[in-house]
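Peer 1: sequence-free structure coming up:
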């Protein structure tokens, strides 16, 4: 009765992905849902492998109330999932299966008497799921039933630990609808779909022979026990010494070892014959005491051996998936080194405008966070909460609060100047010269402000670069799961967008970020990791945000300019010189034919206020050839 009560509690816990365990003593489980799934029931020993526990039938999403015996429609019915693939029992994991035949009188049939028990020991643990619409599914990874029946993930999302996520944790890749560690997964070794042979393991993203084995003719063998390669490749045992022990051909196997098709092995430790001849352990497992299991320091999770101290998909316990942007360290999901956790999110306090230097310290107005302090770029000055160029700002001309009057403009030298005109596409807006073809605050004409995320191109507001305007939003259709390849073309649940095509696996060299397969080495939106965006004047190179322009250049309105001589971006972006000036050494200065009189560019041959020189006014108001005339 106690066991049945535990079963009901376990089923309910499984349906809601509670962290309670399901063994008889019900210890607290560290992981998010795998323990509840793997031990969701106590199946009778004589039940068939696919039979529901305790008499549960094919009832869809119904369960049974133990006290009343009546159906409970909202309860999840547990079921047994198919076991994960295991290596072919005939595969020569250590070379002991001699191409299906024994050597001259060798003990080809000398199978250990405890083979049946050993076979049970090497059988993968039972994996439990729930019945949804008559099918047994794993709600920890099923994108159509993520966390429970009918809970489908959206376009570009995958199901991890019963939660829909649009980005894979650091160190994993999106393969066949799941986030996989391609450094250790033998089915996706080094990249999605790269399957290691049955005799190899995946280590550091490469299919390799297990420790103590070498490749002979393309097959991994243990030359200490393999009778075809005894002591070295192509050194077969035969005749009166048909078996191999310790790398030497001998007549019989030494005490403590078992003859398995000519190989003298210790069935207590041999991964190819664990507990008995022909009982191989699954890839990544070790054999200890004749039982297959994970190596010391590793835990079996969903058929794979993982280090729960560092694995972001099983952090601290099976099924505990770290949220996007977090890493697993010492069994806990934490922010990467150099970042802080602020309001549940990992941020870089050196650049985050909402958490500059410390959590909650927000940069106001147009101030930005640089090296943990709110301020303005070097070429601009903070006037209140706004960053401005006091050399050209008519409201702060020469100093904060010094405004030009009437139709005067701020001439680029911090001096209000009357009667000047702007160069080229420059137009006087609010008393200052601006390029209305590129200025997002005055796009096409004064006062037309482009919406957030848009740029001014040729006097019209639009999406920057290769982004597409999808119903008013700028979208990268090469990676957007809602607009994959074109606006309004969504991917199906469980699919992500890669190069404008909906796929179930991200190509090698890309990562799943926000539902799209991106190259974090070059993506400006995900530089070095998901969600790590570069600033507007930066590009992503080798996973690091760097300045878009080289030394001596400045990134202005989508292009690199030389601020030392560019009259439309003189010294800083948007500083347009007047028709009486030229840009020299980053400063708008007077043309050679004009004279600088206290910041005003004048023709002393005709200017009645400066006739023949600065501050030499003509009382008649008539100056000709630098001489006052009556």
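Peer 2: Looks like it came in fine. Predicted model, so just to flag it, every value in this text is computed and none were measured.
Peer 1: And the helices in the stretch 501-630 of the chain?
Peer 2: Assigned by DSSP state H, counting those that start in this stretch, the helices in the stretch 501-630 of the chain number zero.
Peer 1: Any stretches of it with poor pLDDT?
Peer 2: Applying pLDDT under 70 to the stretch 501-630 of the chain flags residues 599.
Peer 1: Check the offset of stretch 138-149 from the chain's centre.
Peer 2: Between the centre of stretch 138-149 and the centre of its chain there are 22 Å (C-alpha atoms, centre = their mean, to the nearest Å).
Peer 1: let me fix that: stretch 436-447
Peer 2: For stretch 436-447, the distance to the chain centre is 37 Å (C-alpha atoms, centre = their mean).
Peer 1: Which of the residues in that stretch are classified as buried?
Peer 2: 436, 437, 438, 439, 440, 442, 443, 444 (16 or more other C-beta atoms under 10 Å). From N, CA and C alone the C-beta is placed, and that goes for glycine too.
Peer 1: So what's the model's average confidence on the lengthiest strand in the chain?
Peer 2: In the chain, assigned by DSSP state E, the strand with the most residues is strand 127-132. For strand 127-132, the mean pLDDT works out to 82.
Peer 1: Show me what it is packed up against.
Peer 2: Where contact means 3 or more C-beta pairs under 8 Å, 6 or more residues apart in numbering; DSSP states H and E, strand 127-132 is packed against helix 2-16, helix 34-38, strand 78-81, strand 135-137.
Peer 1: Which pLDDT does the model give residue 276?
Peer 2: For residue 276, the model assigns a pLDDT of 94.
Peer 1: What's the local residue count around it?
Peer 2: 22 (other C-beta atoms under 10 Å).
Peer 1: Can you read off the backbone torsions of it?
Peer 2: When read as degrees, to the nearest 10, the backbone of residue 276 gives phi 170, psi 160.
Peer 1: From residue 354, how far off is it?
Peer 2: 62 Å (C-beta to C-beta, to the nearest Å).
Peer 1: ok now the longest strand of the chain, how far from the chain's centre?
Peer 2: 29 Å.
Peer 1: Also stretch 156-170?
Peer 2: That offset, for stretch 156-170, works out to 10 Å (C-alpha atoms, centre = their mean).
Peer 1: What of stretch 241-260?
Peer 2: 51 Å.
Peer 1: Same question for stretch 515-535.
Peer 2: That offset, for stretch 515-535, works out to 8 Å (C-alpha atoms, centre = their mean).
Peer 1: If you count neighbours, what's buried in that stretch?
Peer 2: The neighbour-count check on stretch 515-535 (16+ other C-beta under 10 Å) flags 515-521, 523-527, 529-530, 532, 534 as buried.
Peer 1: ok, now stretch 167-178?
Peer 2: 167, 168, 169, 170, 171, 172, 173, 174, 175, 177, 178.
Peer 1: which residues sit in contact with the spatially most central residue of the chain?
Peer 2: The residue lying closest to the centre of the chain (C-alpha atoms, centre = their mean) is residue 530, at 3.9 Å. Contacts for residue 530 (C-beta atoms under 8 Å, 6 or more residues apart in numbering) come out as 167, 168, 170, 324, 325, 511, 512, 513, 514, 520.
Peer 1: repeat that with 10 Å
Peer 2: 166-170, 324-325, 511-514, 518, 520, 523 (C-beta atoms under 10 Å, 6 or more residues apart in numbering).
Peer 1: how close does it sit to residue 288?
Peer 2: 39 Å.
Peer 1: How is the closest residue in space to residue 172 that isn't next to it in sequence assigned, secondary-structure-wise?
Peer 2: Closest residue to residue 172 apart from its sequence neighbours, by C-beta to C-beta, 6 or more residues apart in numbering: residue 179 at 4.2 Å. Here residue 179 is recorded as strand under DSSP: H, G, I helix; E, B strand; the rest coil.
Peer 1: what sits against residue 179?
Peer 2: Residue 179 neighbours (C-beta under 10 Å, 6+ apart): 141, 158-161, 165, 167-169, 171-173, 312-313, 321, 506, 511-512.
Peer 1: Closest one to residue 369 out of the buried residues of stretch 436-447, please.
Peer 2: Closest approach between these and residue 369, by C-beta to C-beta: residue 440, at 21.2 Å.
Peer 1: my guess is that closest one is in a strand, correct?
Peer 2: No: using three-state DSSP, the assignment for residue 440 is coil, not a strand.
Peer 1: Surely it and residue 556 touch.
Peer 2: No: counting by C-beta atoms under 10 Å, residue 440 sits too far from residue 556 to count as a contact (11.5 Å).
Peer 1: got any residues that touch both of those two?
Peer 2: Common neighbours of residue 440 and residue 556 (criterion: C-beta under 10 Å, 6+ apart): residue 574.
Peer 1: Next, the distance between the ends of stretch 480-500.
Peer 2: 8 Å (C-alpha to C-alpha, to the nearest Å).
Peer 1: quick one on the thing from earlier: what bridges to the residue nearest to residue 172?
Peer 2: residue 174 (DSSP bridges).
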